[in-house]
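Participant: Sequence and predicted structure below; questions after.
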Amino acid sequence: MTTTSPRITILGAGFAALTAARELRRRAPQAQITLIAPKAEFVYLPSLIWVPTGIRKGSDLVLSLERFIDDHRLEFHAASVTGLKDGGRTVVTDRGEFANDVLLIATGGRFLKKLPGIEHALTLCEGVAAAEAIGERLRKMDGGNIAFGFGGNPKEPAAMRGGPMFELLFGVETWLRQQGKRDRFNLTFFNAAAEPGKRLGEKAVKGLLAEMQRRAIKTHLGHKIDGFTAEGVNTEGGSLPADLILFMPGLTGPAWLENSGLPLSAGGFIQADEFCRVPGNAGVYVAGDSGSFPGPDWLPKQAHMADLQAKAAAQNLLLELAGQAPVARPKVELICIVDSVDAGILVYRDEKRSWLFPSSRLFHWAKRFFEGHYLRVFRK
């Protein structure tokens with residue numbers, strides 16, 4: 001597969017998609033790079049944790065991609081993907097069909113909303129509107145019970161997003177103390193696992209549970225979640241009263257994959273090999289939350305890992321266009337600052353080691369610095 005001016009299509013407008021676009025333009029100045037996403041905007045999801053407590057407004061985190069598109073000479077189409085044809089050579093959308101020579105899929109995942117009564121829970125990472133709704137509810141409360149938890153995908157255990165819930169838990173607790181009303185609230189963290197957060201490493205689990213104990217946050221662990229009601233959370237180990245339920249469901253792949261013809265994992269994600277290729281589909285790659293990748297069972301679904309996968313996928317798809325074998329394997333690495341509004345715990349893990357650095361104001365400001373550094377390229 002060779003062409004002097006290859007047509008490269010990227011699906012999505014999140015971390016993996018934009019990192020891939022940047023990497024591809026750097027490596028292939030003459031390529032025709034097309035970006036397809038519902039809107040020409042980027043939402044900086046890691047900072048949603050600061051919206052409920054007022055550190056950030058939702059509008060701070062939604063940035064236009066006009067400058068990025070112009071700077072990287074991308075062709076943008078505002079459309080929602082509905083499927084693929086011709087083994088991936090044609091992308092089908094609600095605004096027409098688009099042909100390509102190679103395709104990189106980075107459309108993210110979606111939350112599993114199957115638990116009974118899920119409408120009674122608010123999910124932070126659904127976006128700015130959800131984060132703002134949590135903040136509004138918190139400001140209306142003068143006391144009561146708040147339950148925090150996250151779930152997984154039973155067919156793909158690694159498909160969960162627990163880090164932001166630990167951050168929301170500690171951030172809300174800090175904010176309540178700052179507001180002078182912590183003593184009027186009962187905070188409970190619930191999870192079906194007896195040791196939640198094990199993907200972060202054993203040290204992290206112990207550190208997070210110790211932090212909950214230090215902050216007088218109750219725990220309800222090791223009991224399967226049966227569902228939610230207006231009164232609280234139901235589990236096999238009993239019910240938790242809650243005036244506000246903050247819950248992050250497990251993840252699965254986007255709904256349009258049913259019409260893609262691509263190989264899917266048991267959990268509903270696009271199957272990928274060690275080079276981010278989709279087996280049996282020439283010229284089709286995946287990066288970020290849409291994919292199911294080989295690696296340890298703690299392989300994270302987070303922005304940093306998505307960026308690493310996108311860089312490897314970009315390099316490998318260009319090698320395929322040149323008729324060469326892939327060489328780039330994304331490093332398996334987890335870097336997470338569990339923020340708590342005025343401090344943060346740094347967690348690091350790779351295939352050889354696992355570290356946890358105690359809570360420090362330095363890590364909170366490091367997280368804020370990285371946010372500004374990352375977003376600078378999008379701001380006019």
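Facilitator: Cool, the structure landed.

Participant: who's in contact with Gly295?
Facilitator: Val332 (CB atoms under 8 Å, 6 or more residues apart in numbering). From N, CA and C alone the C-beta is placed, and that goes for glycine too.

Participant: Give me the pLDDT for it.
Facilitator: Turning to Gly295, the model gives it a pLDDT of 91.

Participant: cool, and Val205?
Facilitator: Val205 is given a pLDDT of 88.

Participant: Which strand or helix spans it?
Facilitator: Val205 belongs to helix 202-214 when assigned by DSSP states H and E.

Participant: tell me what that helix is packed against?
Facilitator: helix 163-178, strand 344-350, strand 354-360 (3 or more CB pairs under 8 Å, 6 or more residues apart in numbering; DSSP states H and E).

Participant: can you pull out the helices in this structure?
Facilitator: Along the chain, counting by DSSP state H, helices occupy 15-27, 66-71, 128-140, 163-178, 202-214, 303-321, 361-375.

Participant: could I have the second one exported to PDB, CA atoms only?
Facilitator: By that I understand helix 66-71. Provided in PDB are the C-alpha atoms of helix 66-71 (Å, rounded to 0.1, in the frame of the first residue of the first chain):
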ATOM      1  CA  GLU A  66     -10.100  25.800  14.800                       C
ATOM      2  CA  ARG A  67      -6.600  26.900  15.500                       C
ATOM      3  CA  PHE A  68      -5.400  23.300  15.800                       C
ATOM      4  CA  ILE A  69      -7.000  22.300  12.500                       C
ATOM      5  CA  ASP A  70      -5.500  25.200  10.700                       C
ATOM      6  CA  ASP A  71      -2.000  24.800  12.300                       C
END
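
Participant: quick one: contacts of it?
Facilitator: Counting by CB under 8 Å, 6+ apart, 18, 21, 35, 40, 42, 74, 76, 377-380 sit against helix 66-71.

Participant: Tell me which of these fall in strands.
Facilitator: Judged by DSSP state E, the subset of those located in strands is 35, 42, 76.

Participant: I'd say the first one and Ala79 touch.
Facilitator: No: proximity of Leu35 to Ala79 does not meet the contact threshold set by CB atoms under 8 Å, at 10.4 Å.

Participant: Find the centremost residue of the protein, please.
Facilitator: Gln302 (4.7 Å; CA atoms, centre = their mean).

Participant: that older thread, compare the helices of the chain and say which comes out lowest on pLDDT.
Facilitator: helix 202-214 - the lowest mean pLDDT of those, at a mean of 91.

Participant: re the thing from before, and Leu35 and Ala79? which has more neighbours close in?
Facilitator: Leu35 (25 against 18; other CB atoms under 10 Å).

Participant: Model confidence for the more buried one, exactly?
Facilitator: 98.
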